[in-house]
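Engineer: Sequence and computational prediction follow.
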Amino acid sequence: MIQAKGIEKSFGQLKVLKGIDLHVGKSEVISIMGASGAGKSTLLQILGSLSTPDAGTLIVDGVDVAHLKGNALAEFRNRKVGFVFQFHHLLPEFTALENVMIPALVAGRSRKECQKAATELLSELGLSQRLHHKPSELSGGEQQRVAIARALINRPAVLFADEPSGNLDSRTKEEIHQLFFTLRDRYSQTIVIVTHDPDLAKMCDRSLYMVDGQFV
């Protein structure tokens with residue numbers, strides 16, 4: 001599902017990624033660990049097409065990402081990848097249902113279809129009673145479930161998660177961790193997770209460790 005080779009990235013004189021090679025299979029759940037500043041989030045942003053590498057090649061679900069520009073890149077990002085961050089980034093003025101619908105509406109699906117898909121997804125994630133609640137009316141765990149539903153609404157090839165449970169209490173954290181593997185089993189979802197949590201890393205099919213911009 002992901003084939004990355006020789007990925008390099010610098011910010012000024014600081015070389016953050018030093019020739020990263022990474023292959024991730026379909027339905028595989030992998031974690032990327034390492035100290036702060038090791039380059040984990042930078043790599044995740046490049047894999048998810050949010051940032052461009054200085055060197056290297058990247059193929060995601062058969063698409064050569066480096067050659068995409070403008071609208072083609074935006075469409076790829078909307079349809080092929082989903083993102084979940086430590087802070088949910090839900091739009092406060094919209095309900096849970098509306099937040100989840102937005103990427104599907106951007107993809108050009110009808111409002112009726114978007115509403116049906118978002119309702120089903122939120123219900124599967126245990127939020128059928130929270131469809132019309134705004135983020136401020138939801139718990140931290142519920143907000144993160146809404147964010148996960150939003151990331152999945154277009155059935156992406158890969159779900160990228162950056163410290164997805166870093167802002168949650170221990171019980172809610174365990175529920176979110178288990179949810180990723182439920183999603184893999186239900187949808188054959190490929191998932192790449194950046195985390196500092198050793199318990200989550202142990203649950204993954206593979207756990208990779210970064211030091212100074214390289215896997216060790």
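Structural biologist: Now that the structure is in, tell me what you want to look at.
Engineer: which helices and strands does the longest helix along the chain pack with?
Structural biologist: For the chain, the helix reaching the highest residue count under DSSP state H is reported as helix 170-187. Contacts defined by 3 or more CB pairs under 8 Å, 6 or more residues apart in numbering; DSSP states H and E place helix 170-187 against strand 29-34, helix 140-152, strand 158-162, strand 190-194, helix 198-203. Every residue, glycine included, has its C-beta placed from N, CA and C.
Engineer: So which residues make contact with the longest one?
Structural biologist: To tie it back to what came earlier, the one meant is helix 140-152. Contacts of helix 140-152 from elsewhere in the structure, counted by CB atoms under 8 Å, 6 or more residues apart in numbering, are 82-85, 88-90, 96, 99-100, 102-103, 118, 121-122, 125-127, 130, 135, 138, 159, 164-165, 167-169, 172, 175-176, 179, 183, 187, 189.
Engineer: Using neighbour counts, trim the residues you listed to the buried set.
Structural biologist: By neighbour count, with 16 or more other CB atoms under 10 Å, these hold 82-85, 88, 90, 96, 99-100, 102-103, 118, 121-122, 125, 127, 130, 135, 138, 159, 164-165, 167-168, 172, 176, 179, 183, 189 as buried.
Engineer: Just the ones of those residues in helices?
Structural biologist: Taking DSSP H as the definition of helices, those contribute 96, 99-100, 102-103, 118, 121-122, 172, 176, 179, 183.
Engineer: what mean pLDDT would you report for stretch 100-117?
Structural biologist: Within the predicted structure, the mean pLDDT of stretch 100-117 is 90.
Engineer: on that earlier part again, the longest helix of the chain to strand 158-162, inter-axis angle?
Structural biologist: Angle, helix 170-187 to strand 158-162, by axes from the mean of the first three to the mean of the last three CA atoms, to 10 degrees: 170 degrees.
Engineer: So what's the gap between helix 170-187 and the chain middle?
Structural biologist: 13 Å (CA atoms, centre = their mean, to the nearest Å).
Engineer: Just the C-alphas of it, formatted as CSV.
Structural biologist: This file holds the C-alpha atoms of helix 170-187, laid out as CSV (Å, rounded to 0.1, in the frame of the first residue of the first chain):
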residue,chain,number,x,y,z
SER,A,170,-6.0,6.0,30.2
ARG,A,171,-9.4,4.3,29.9
THR,A,172,-10.4,6.3,26.8
LYS,A,173,-6.9,5.7,25.3
GLU,A,174,-7.4,2.0,25.5
GLU,A,175,-10.7,2.2,23.7
ILE,A,176,-9.2,4.3,20.9
HIS,A,177,-6.3,1.9,20.6
GLN,A,178,-8.6,-1.0,20.2
LEU,A,179,-10.7,0.9,17.7
PHE,A,180,-7.9,1.0,15.2
PHE,A,181,-7.7,-2.8,15.1
THR,A,182,-11.5,-3.1,14.9
LEU,A,183,-11.3,-0.8,11.8
ARG,A,184,-8.5,-2.9,10.3
ASP,A,185,-10.6,-6.1,10.7
ARG,A,186,-13.8,-4.5,9.5
TYR,A,187,-12.5,-2.6,6.5
